[in-house]
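Engineer: A predicted structure for the sequence below; I have some questions about it.
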Amino acid sequence: MNILFAASENAWGGFLGMISSKLPGHNFTATGSFNIDSLKGVDVLIPTMTPITREILETADRLKLIQQCGSGLEGVDIKAATDRGVPVANVPAYTSGNADSVAELGIYMMIGLSRDIRGMAQSLRNRKMGEPQGMALPGKTVGIIGLGGIGKALVKRLKPFGVRLMGIKRTNPQLAKEALGLDWAGTPKDLPFLLENSDHVILCVPATPESTHMIDADAFARMKQSAFLINLSRGALVDRDALEQALASGSIAGAGLDVFWQEPPDPDDPIFSDSNYNVMATPHIGGSTDISMEGTAEGVAENIRRLETNNRLLHLHQ
């Protein structure tokens, strides 16, 4: 089969090589960028971060599967694919080790922001020892927006830190509260309460029309001035201009960002380049670990094997 990888060949540390090694005998091609000119002759598409529109799908003449290498399908027009009889599948974070790796990055950001990692670097440059004084995690309140695979992985890892845990879940929040041992849980309509009471606000929800810019100027105004925002999900959840204003005005104490309003972001954006802003930014590598990459590659390969042998595909979306 002809398999198209819609990214550069070396993206994510050579992820394409990991998949192709599991599927000998197939023809793999990389687009070289997050762009597709045509799907003619393609049997399987791995979209990565490339938008898959109805117009692009109309160029397909033999497409049998759109298989995402991860969980994010917000860039794929699933209805258009379904209309053409093309199944769409992903590799959920909880099945691959991705959720665990992303949760670890979230905790790294929590600690880095609380201990003022930028201030540490400045103290070393200025030969100042014992500065800055940071904030410890015990007794702090962590508000987790989204209790799917990543949210659950965070809860599991944060409990030993002695924090108070709050969560937002779209449905059955009380059931999640009891199952996960949270101190409080609510639905999206209760988001203002979580924002007002959290020392760390962590975003773990997919990007949808409802969640786009869920963290806007009003949301920042509700947060504590000592609070940190951490986005582990998708850049569209946060209003970029509102974030810059919150950092500039001191409405929040800092932000941890693994995802952005555009990717790659402009490295000269003041949000990253202004030394007065307490920001930790990482290049969308939450799930880029040895364990997560291996699990995700195996998830992609398994569905392609199933397609080849006419077996039931896993994790389909319609």
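Structural biologist: Sure thing, it's come through. Residues are numbered from 1 along each chain as shown.

Engineer: go through the protein and flag its longest helix.
Structural biologist: In the chain, with assignment by DSSP state H, the single longest helix is helix 290-308.

Engineer: right, and the helix or strand after that one?
Structural biologist: Using DSSP states H and E, the next helix or strand after helix 290-308 towards the C-terminus is strand 316-317.

Engineer: how distant is that next one from the center of its chain?
Structural biologist: Centroid separation between strand 316-317 and its chain, computed with C-alpha atoms, centre = their mean, to the nearest Å, is 19 Å.

Engineer: what helices and strands are in contact with it?
Structural biologist: Strand 316-317 sits against strand 88-89, with contacts defined as 3 or more C-beta pairs under 8 Å, 6 or more residues apart in numbering; DSSP states H and E. C-beta coordinates here come from the backbone N, C-alpha and C atoms, glycine included.

Engineer: name the residues that touch the strand it packs on?
Structural biologist: Applying C-beta atoms under 8 Å, 6 or more residues apart in numbering, the external contacts of strand 88-89 come out as 65-68, 73, 76, 78, 81-82, 303, 313-318.

Engineer: got the buried residues for the following helix or strand past it?
Structural biologist: The first helix or strand that comes after strand 88-89 along the chain, using DSSP H and E, is helix 93-96. Neighbour-count burial for helix 93-96 flags 93, 95, 96 (criterion: 16 or more other C-beta atoms under 10 Å).

Engineer: quick one: the next helix or strand after helix 93-96 to helix 290-308, angle?
Structural biologist: Where DSSP H and E defines the elements, the next helix or strand beyond helix 93-96 is helix 98-114. Computed by axes from the mean of the first three to the mean of the last three C-alpha atoms, to 10 degrees, the angle separating helix 98-114 from helix 290-308 equals 150 degrees.

Engineer: from the contact counts, what lies against helix 98-114?
Structural biologist: Going by 3+ C-beta pairs under 8 Å, 6+ apart, helix 98-114 lies up against helix 149-158, strand 200-203, strand 228-231, strand 254-257, strand 279-281, helix 290-308.

Engineer: now the helix or strand just after it, how far from the centre of its chain.
Structural biologist: Sequence order places helix 117-125 as the next helix or strand after helix 98-114, per DSSP H and E. With C-alpha atoms, centre = their mean as the basis, helix 117-125 stands 28 Å off its chain's centre.

Engineer: what sits up against the helix or strand bottoming out on mean pLDDT in the chain?
Structural biologist: Least confident helix or strand, the chain: helix 93-96 with a mean of 87, by mean pLDDT, DSSP states H and E. The contact list for helix 93-96 (C-beta under 8 Å, 6+ apart) reads 70-71, 99, 102, 148-150, 152-153, 287, 292, 295-296, 298-299, 315.

Engineer: out of the residues you listed, which comes closest to residue 113?
Structural biologist: Proximity of the contacts of helix 93-96 to residue 113 was ranked by C-beta to C-beta; the top entry is residue 102 with 16.5 Å.

Engineer: so the residue nearest to that closest one when sequence neighbours are not counted, which of the three states?
Structural biologist: Of all residues not flanking residue 102 in the chain, residue 286 sits nearest, at 3.8 Å (C-beta to C-beta, 6 or more residues apart in numbering). The three-state label given to residue 286 by DSSP: H, G, I helix; E, B strand; the rest coil is coil.

Engineer: so which of the buried residues of helix 93-96 comes closest to residue 196?
Structural biologist: residue 93 (28.5 Å).

Engineer: report the contact partners of residue 272.
Structural biologist: Residue 272 touches 265, 279, 281, counting by C-beta under 8 Å, 6+ apart.

Engineer: any idea which element it lies in?
Structural biologist: Per DSSP H and E: helix 270-273 holds residue 272.

Engineer: list the buried ones in that helix?
Structural biologist: residue 271.

Engineer: please apply the same query to stretch 52-65.
Structural biologist: Quick answer for stretch 52-65 (16+ other C-beta under 10 Å): 52, 56, 57, 60, 63, 64, 65.

Engineer: count the neighbours of the closest residue to the first one other than its chain neighbours for me.
Structural biologist: The shortest distance from residue 52 to any residue that is not its chain neighbour, by C-beta to C-beta, 6+ apart, is 4.4 Å, and that residue is residue 76. Residue 76 is flanked by 22 other residues according to other C-beta atoms under 10 Å.
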